[in-house]
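>>> A predicted structure for the sequence below; I have some questions about it.
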Amino acid sequence: MPRTLIKVGAALTATVAVIAGAPLLSSALGAQPAVAMPESWEDLRAVDAANAGQSHAAAVKAEEKRKEAERKARAKAKAKAKAKAEKERRAAEARAARARAAQGGTPAQNRALGMQMCADRGWSASQCNDLGTLWQKESGWNSRAHNGSSGAHGIPQALPGSKMSSHGSDWATSPRTQIAWGMDYIAGRYGNPSNALAHSHSRGWY
């Protein structure tokens, strides 16, 4: 009996020590940081609601940023496409203008075309100038010039005008076709425009 009482007393003493001496046990196990806990389930729900609200606000803000970035990207792409289309339109207009100039039209344009074709053929600058003088005298560089009495036609005043069909079916109106035929005619008959002009001065025709 005495030993049993001692054991029970020791157990009670240990239990009291555990309950009353928690700080000692805590010290023995090592100090742990205190964690603030909600005082009630209402507080816990309020914390969760606040966290959810912050997450929703962040998501909304991120979505707004994404949409704004997409809007800016679309606007930039649209502006770029518009600028490209405008550049292509201007380039097309410039090409069309060059094409029209290359085909001639007005006497001045026809003469400019003739000078270019003359240089491309390899005739000298003075010979090309003489070609300009010759056809200024013949037709004024008018591709529609027509001599009603003789039937001579076009810039080189081909006689008859239908001779120029060897260089194109558009011989009646095309400055390029007429100039090409006229230069071949001069090359074959006179060698170069200077000789053709000299013959025209002496005979009144070439």
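Perfect, I can see it now.

>>> if I look at the residue nearest to Pro160 when sequence neighbours are not counted, how far off is Trp205?
Counting by CB to CB, 6 or more residues apart in numbering, Gly151 is the residue found nearest to Pro160 once chain neighbours are left out, at 4.7 Å. Heads up, the C-betas are built off the backbone N, CA and C, glycines and all. Distance, Gly151 to Trp205, using CB to CB, to the nearest Å: 14 Å.

>>> Find the centremost residue of this structure, please.
Of all residues in the chain, the one closest to the mean position by CA atoms, centre = their mean is Lys84, 3.6 Å from it.

>>> which helix of the protein spans the most residues?
In terms of residue count, the longest helix belonging to the chain (DSSP state H) is helix 41-103.

>>> domains of this protein?
Domains of the chain are assigned by automatic domain parsing as 51-103, 107-203.

>>> now the ones you listed in JSON lines, with distance to Trp41?
Below are these laid out as JSON lines (distance: least, CB to CB, whole Å):
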{"stretch": "domain 51-103", "distance to Trp41": "15"}
{"stretch": "domain 107-203", "distance to Trp41": "94"}
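
>>> which stretch in those domains is the model least sure about?
Among these, domain 51-103 carries the lowest mean pLDDT, a mean of 83.

>>> okay, now Gly182: neighbour count?
Applying other CB atoms under 10 Å, we find 26 residues neighbouring Gly182.

>>> re earlier: roughly how far does the residue nearest to the centre of the chain sit from Ala91?
From Lys84 to Ala91 the distance is 10 Å (CB to CB).

>>> again with Trp135
33 Å.

>>> what do you get for Trp141?
29 Å.

>>> quick one, which of those two is more surrounded?
Legend: neighbour count by other CB under 10 Å for Trp141 and Ala91, higher for Trp141 (23 against 10).

>>> Which residues are in contact with the more buried one?
Going by CB atoms under 8 Å, 6 or more residues apart in numbering, Trp141 touches Pro107, Ala108, Asn110, Arg111, Gly114, Gly132, Trp135, Ile155.

>>> which SS class is it?
coil (DSSP: H, G, I helix; E, B strand; the rest coil).

>>> Next up, phi/psi of it, please.
phi 60, psi 30 (degrees, to the nearest 10).

>>> Identify the residue nearest His167 in space, chain neighbours excluded?
That would be Trp181: by CB to CB, 6+ apart, it lies 4.3 Å from His167.

>>> if we can go back for a sec, the domains of the chain: which one's closest to Glu42?
Across the domains of the chain, Glu42 has its closest neighbour in domain 51-103 (15.2 Å, CB to CB).
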